[in-house]
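**Student:** build me a model from this:
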Amino acid sequence: MGNSRSSLQLQAEDITTIQDETGFNHNQIERLYSRFSSLDKQDKGFLSREDFLRIPELAINPLGDRIVHAFFYESKNGDDDKVDFKDFVRVLAHFRPIKKTVEMNKMNSRMEKLHFAFRMYDLDGDDKISKQELLAVLTMMVGQNISTEQLISIAERTIMEADLDKDDLISFEEFAQVLERTDVEQKMSIRFLN
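**Tutor:** Here you go, the predicted model:
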């Protein structure tokens with residue numbers, strides 16, 4: 001379909017494996033491979049951080065760097081500086097709308113979506129969100145539109161409300177509980193064309 005390069009490099013067994021793991025259908029995988037190939041300007045077979053940051057929507061997104069980081073965090077190829085196609089699709093699978101069949105929701109279940117969102121805030125990867133991390137992400141999101149004092153107040157109030165065990169940190173369990181009534185499934189879904 002479309003790009004002859006994608007048909008040559010993406011084998012039928014790769015597509016089947018990716019379908020089983022991510023829930024994307026054949027056409028969606030072909031389209032994602034075409035997008036991956038267009039980002040891989042030098043035909044390296046992987047994407048670097050620079051490749052991602054050339055995406056205009058990520059370049060202007062205040063959390064663009066955190067989103068790019070997620071692709072590398074989730075990478076299973078063992079190289080911190082490279083994201084291959086399977087890693088690329090694995091991360092995007094978190095944003096698939098949830099299907100009625102549980103089996104099709106391995107990568108994009110409510111819990112997977114919450115873990116993905118949690119990692120946006122957990123800057124040091126210690127499985128806890130500190131006031132400093134929350135403040136850093138809030139600053140990324142709002143920039144200079146809110147005073148530092150207001151941001152500190154928001155961060156402190158958030159920690160106070162979410163921190164059930166009173167350790168001045170937000171664990172994943174506390175994070176999930178705060179978002180219990182939030183429609184994460186809808187808010188963290190992108191419609192992928194068939």
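
**Student:** thought residue 45 was touching residue 84, still the case?
**Tutor:** Yes. Residue 84 is within contact range of residue 45, at 6.6 Å (criterion: CB atoms under 8 Å). For the C-beta atoms, the positions are set from N, CA and C on the backbone; glycine is no exception.

**Student:** these two: which is more packed in?
**Tutor:** Using other CB atoms under 10 Å, the more surrounded residue of residue 84 and residue 45 is residue 84, with 18 against 12.

**Student:** residues contacting residue 59?
**Tutor:** For residue 59, the contact set (CB atoms under 8 Å, 6 or more residues apart in numbering) comprises residue 53.

**Student:** wait, a helix at it?
**Tutor:** Yes. Secondary structure assignment places residue 59 in a helix (DSSP: H, G, I helix; E, B strand; the rest coil).

**Student:** quick one: it from residue 50, how far?
**Tutor:** 11 Å (CB to CB, to the nearest Å).

**Student:** and residue 29, how many neighbours?
**Tutor:** Around residue 29 there are 21 residues (other CB under 10 Å).

**Student:** hang on, I meant residue 56
**Tutor:** Neighbours of residue 56 using other CB under 10 Å come to 9.

**Student:** check residue 145 too.
**Tutor:** Neighbour tally, residue 145, other CB under 10 Å: 8.

**Student:** how close does it sit to residue 138?
**Tutor:** Counting by CB to CB, the gap from residue 145 to residue 138 is 11 Å.

**Student:** swap in residue 91?
**Tutor:** Relative to residue 138, and taking CB to CB, residue 91 is found at 23 Å.

**Student:** likewise for residue 28?
**Tutor:** 34 Å.

**Student:** now residue 42
**Tutor:** The value you get for residue 42 to residue 138, if CB to CB is used, is 37 Å.

**Student:** who has more neighbours, the two?
**Tutor:** residue 138 (18 against 8).

**Student:** who touches the more buried one in this structure?
**Tutor:** 146, 151, 154-155.

**Student:** which one in the chain is furthest away from the centre?
**Tutor:** residue 149 (29.5 Å; CA atoms, centre = their mean).

**Student:** now do the contacts for residue 15.
**Tutor:** Counting by CB under 8 Å, 6+ apart, residue 15 touches 26, 29-30.

**Student:** please, where are all the helices along this protein?
**Tutor:** 4-9, 12-22, 26-39, 49-53, 56-60, 64-73, 85-93, 110-121, 131-142, 148-162, 172-178, 184-187 (DSSP state H).

**Student:** how many other residues sit next to the closest residue to residue 175 other than its chain neighbours?
**Tutor:** Among residues not flanking residue 175 along the chain, residue 118 sits closest, at 5.0 Å (CB to CB, 6 or more residues apart in numbering). The number of residues packed around residue 118, counting by other CB under 10 Å, is 19.

**Student:** fine, thanks again, bye for now.
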